[in-house]
Each structure stands twice: as C-alpha cells, then as structure tokens.
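> Predicted model follows, preceded by the sequence.
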Amino acid sequence: MKIRDIKKVPSKEALTQRKQLNPAKPIPGLSIKESLNLDTLSRHLAQLEKRVLELKGDIITKYIPQESRAVLEQELKRSLSQRDEAEALNKKLRLRYSYSRITLVANAVSAWAKYDKNTSLQELLSQVMEQEKVGEASAVSSISHVFEYDPGKSKEAEDLLEYIERFNELFSSGQYEAAALYAANCPRGILHNEETLLKFKALGFIKGKILPLLKYFEALINSSTAVKHPLNAAMTLEAIKCALSEKQLNLVIHWVTQQRLTFSEAIGDVIYDYGEVEPYSKSTCLALAQIVYSQCNIHKKAALCLCKQGQICGAMDYIKQLKSFSSDDYIFLLTNCASIELICCLTEEWNRKPASLSIGAIVLSLISTAHKQHGLHLLEEMSEKNALEQIILNDTVCTVEGWKKIADTCAENKHEQLSKEIISILTSQEGVVEILPDDEDAKIMEHVFL
C-alpha cells in the first residue's frame, strides 16, 4: 500500500515567527465607538481570555505538536508495511495449501482410474477430503489465526468499545432513560448483563420520574422481542418483580399475553403471590399465573389457578388431557382448594373416564389440613345416601388403617354415629378384628390383625 510522502517539518524559526500587529488598526468585531468604551473593552477582553483558555485546553486534548505528527506518521507507515508483508505471506501460504489439495485430489483420481472402480469417484473424493480435513485442520487453523487479517472484526471491536463508553457517558450525566434505551439496543447484547442491571438497581427511586430500572427492563423486553430473542429466565424474573413493585400490572399483562418472556415456575409464583396481597387484582393474577405455569408444564399449579377462579370444570378438562397427573398432584390441589364441587368431580367419572381419586384418600388428606370439615361433610353425604359401605369396600387406595384413622377423627369431632358406622363396616370384612381399649390380650396381637 502506497503512502504519500510525509511533509517536511517546519523549522523552529518559522514556528516562532509572530505576525506584527498594527496598534492603530480597528479591533475585529468592535466598532470605533465600542473601541473607545472602557466597559465594552473589558467585556471583550474577558471573552478573549476565555477563548484563549479554551484554545489552550484544545491544544492539550485535541492537537499534537508538528514534530509528534511526523513521528506518528512514520510509525503508521511502518505498521502498514508490516501488514502488507503479513498479507503477502498469508496469500503465499494459502496458494501453497490450495496446491497441496489439488495435488491430493489429482493423485486420488489417477489411482481410481488405474485400479478397480468398485467405489464411485464421488465417494472416493469425499473420503479423501474428509481425511485431509482431519489431518490438516489444526495446521490450517493456526495459520489462519496468525496471518489472516480481518478488518471487519477489528472495526466491530472498536464499535463495541465505543458503545460501552457512550452508555457510561449517558449514565454518569443522569440521562437514565436514554441510557436504558441505549443499553437495551446494544449490539450482541453486550449490556444485557447483571452488571448493567445492578447499576440501574442502585439508582433506586428518583422523585418525579419513572424508576430507571423499570425503563431499562421495558426497553430490554421490547428490543429482545424485535430480534426474536427473549430474555433469559433470571432477567425475566427481575423484570416481573420490578414491574409489580411499581404497581405496573398492566405492563406485566402485556408482557405475558404477548409471549415476550422466558417463563419459569418462579415467575408464576411471583404473579400468584401478588394476587394474594392485592385482592382487586387477584383474578387477573390467577389468569396470568395459569398461563405461565402451563407454559412451564407445572400442571398442578396451573390447575389450581383454574380452580381458584371457579373454573372447576375447566380444571378437570385440563387435568384429563394430561398424560400424567399423580396422586400427589391431586392431594396438592385438594389441600389448596378444598371445595365440595372439586371433591365431587374428583371422586366421580368424568367424560367416561374413571374417578381420579377414592373418597377415602381424599378424606384422609383433608383431615390432616385445615379443611377437615370438608372431609367430614363428604362422609355425611355418603352416609345419608347409604353409599358409605360400598365406597369403603370398593376403595383400593385407602387402607384399613387409613379408614380407622378417619373413624377416630370422626369421633374426636363429635361425629360418633359416623365413626361407629365406619368401624362396623371395617369389622364386617374378613380378617379384620376390632381391638377394644381394655382388651389387654388383644393388644398383644394387634400387629397380627392390622
């Protein structure tokens, strides 16, 4: 690459020469009348002194001495010369590598032509090229890494560095909204990290302005949606927490319904808990949490959200469509939403499908929670319908010990008649013996009968 001849450095005498000024000549920028006014001259002198200080500062920061420029141009010329030499060597190595590949292919074709042609030429060439890649990949990689010059990558690195510096300038000058937009739209997502998040979080609340952290998240989610690369789950969780802390539920609704986030169970929990402390927003939060849980395959919590909204039938349809919904999931559902309607749906056939749980298992789970009365009420209904005996005898889930525990709970809660009925049904089964409290001999054999 040719470089223009470097200009000769002016001599020191030429630099030290000063232009002679005529004292009688009018002052530039002032009329004759102003030139005779002392106040005007004082103001003009102050302006000139200020300008002199500015120029002195510019000399330090924006300009270099003529002698230094010559030195820098010499260094530039030397660097460009080194680059030209490296490019020439790189080209030479590439030609050598290409020649070796051509020779390898030519030899393979000659060998194929002389000997048997059981293998097709295309297959043979594929095998040869594959072996050549494996054998010389490391050497080619090292040569390319050392000698190949990619000005595009160098320019990209400079642009990224300039982008970070510009962001820091905006942030340090208090232009937080502009800094948030700038960081959200940065190339390669270099400012989509925890460090940037902590910088905005450290600002806290600024009177009369929207929380800078919220502006950052809003810009971040909008930009990530535009490039179809949503935020990761951790950043999404922080964004949801920030929006809800600022009572911006509408913003969360927009993010969730537009599928602009990476969902996780923790995000669903945050939205669900917000509905618990904000009664007016509870139904909305349940609907949003249900969307999140469904997307994350947390089916038991998604079904719970439907039940909490009063959509028991919808929850049952949702459950029956799933391939797996364990007994523990049903117990979780009952423990957190023990409505009579749900209990009935779980213990009866649904769309020609067998009942999900036995009444014994349901009652046993309810009596160990705060919903004890729901379980006892269900037993009373079954007893009034004369269906209790059939239910107990056909129950393959709840054991005899489980029903004995249910009977004891009935007696403790002033349902003696119900307790006696359950005990009577149990003792009527073959191999089951009732052990009385005062029967000492029977107590010894308790482990045999139970």
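Good, I have the coordinates. Numbering: from 1, shown residues only.
> so what's the closest residue to C186 other than its chain neighbours up against?
Of all residues not flanking C186 in the chain, Y163 sits nearest, at 5.6 Å (CB to CB, 6 or more residues apart in numbering). Where C-beta positions appear, they are placed from N, C-alpha and C, glycine not excepted. By CB atoms under 8 Å, 6 or more residues apart in numbering, the contact set of Y163 is Y182, C186, P187, I190, L191.
> how about the residues you listed in a markdown table, adding distance to N232?
Formatted as a markdown table, the contacts of Y163 follow (distance: CB to CB, whole Å):
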| residue | distance to N232 |
| --- | --- |
| Y182 | 21 |
| C186 | 16 |
| P187 | 18 |
| I190 | 15 |
| L191 | 14 |
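> Would you list the buried entries among those residues?
Y182, C186, L191 (16 or more other CB atoms under 10 Å).
> In helices, which of those residues fall?
Y182 (DSSP state H).
> Just name the closest of the buried ones among the contacts of Y163 to P212, please.
Ranked by distance to P212 (CB to CB), those are led by Y182 at 12.4 Å.
> Not counting sequence-adjacent ones, nearest residue to that closest one?
Nearest non-adjacent residue to Y182, counting by CB to CB, 6+ apart: F167, 5.2 Å away.
> What of H299?
Nearest residue to H299 in three dimensions, chain neighbours excluded: L322, at 5.6 Å (CB to CB, 6+ apart).
> how about the buried ones among the contacts of Y163 in TSV, adding distance to L48 and pLDDT?
Listed next are those as TSV, based on distance: CB to CB, whole Å; pLDDT from 0 to 100:
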residue	distance to L48	pLDDT
Y182	39	79
C186	44	75
L191	44	77
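> Export the buried ones among the contacts of Y163 to CSV and append columns for distance to S281.
CSV is the format used below for those (distance: CB to CB, whole Å):
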residue, distance to S281
Y182, 33
C186, 34
L191, 32
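> now the helices for the stretch 101-250 of the chain?
For the stretch 101-250 of the chain, the helices defined by DSSP state H, counting those that start in this stretch occupy 121-147, 151-172, 176-184, 194-203, 212-226, 233-245, 249-257.
> Which of these comes out lowest on mean pLDDT?
Sorting the helices of the stretch 101-250 of the chain by mean pLDDT places helix 121-147 lowest, at a mean of 52.
> List the contacts of T409.
I367, K372, L376.
> Kindly recompute the last result at 6 Å.
I367 (CB atoms under 6 Å, 6 or more residues apart in numbering).
> SS state for it?
helix (DSSP: H, G, I helix; E, B strand; the rest coil).
> distance of it from Q311?
Here the criterion is CB to CB, to the nearest Å. By it, T409 lies 31 Å from Q311.
> How about F325?
Distance, F325 to Q311, using CB to CB: 16 Å.
> swap in L198?
Distance from L198 to Q311, counting by CB to CB: 41 Å.
> out of these two, which sits in the busier spot?
The neighbour comparison of L198 against Q311 (other CB atoms under 10 Å) goes to Q311, with 17 against 10.
> Local confidence estimate at the more buried one?
pLDDT recorded at Q311 is 89.
> and what of Y293?
Y293 carries a pLDDT value of 92.
> just C398 next, same as before
Here, the pLDDT recorded for C398 equals 77.
> swap in A24?
Note for A24: predicted pLDDT of 66.
> State the number of residues packed around the residue nearest to Y182.
Using other CB under 10 Å, F167 has 20 other residues around it.
> How about the one 5 residues further on?
Look at S172: counted by other CB under 10 Å, it has 9 neighbours.
> State the distance from it to R69.
Distance of S172 to R69, given as CB to CB: 32 Å.
> before we move on, what about S324?
From S324 to R69 the distance is 76 Å (CB to CB).
> okay, these two: which has more neighbours?
Counted by other CB under 10 Å, S324 and R69 do not tie: R69 has more neighbours, with 14 against 6.
> what's the average pLDDT for whichever strand or helix holds the more buried one?
In this structure, R69 sits in helix 66-114 according to DSSP states H and E. If you average the pLDDT over helix 66-114, you get 72.
> Same question for stretch 271-285.
For stretch 271-285, mean pLDDT is 90.
> ok, residues contacting that stretch?
Outside stretch 271-285, the residues within contact range by CB under 6 Å, 6+ apart are L244, L249, L286, L288, A289.
> Mind doing that once more with 8 Å?
Contacts with stretch 271-285, where a contact means CB under 8 Å, 6+ apart, come from 240, 244, 249, 252-253, 256, 286, 288-289, 292, 301, 305, 309.
> which one is K308 nearest to, not counting chain neighbours?
L286 (5.3 Å).
> need the contact list for the one you found.
Neighbouring residues of L286 by CB under 8 Å, 6+ apart: Y272, G275, C305, K308, Q309.
> Closest one of these to L214?
G275 (20.1 Å).
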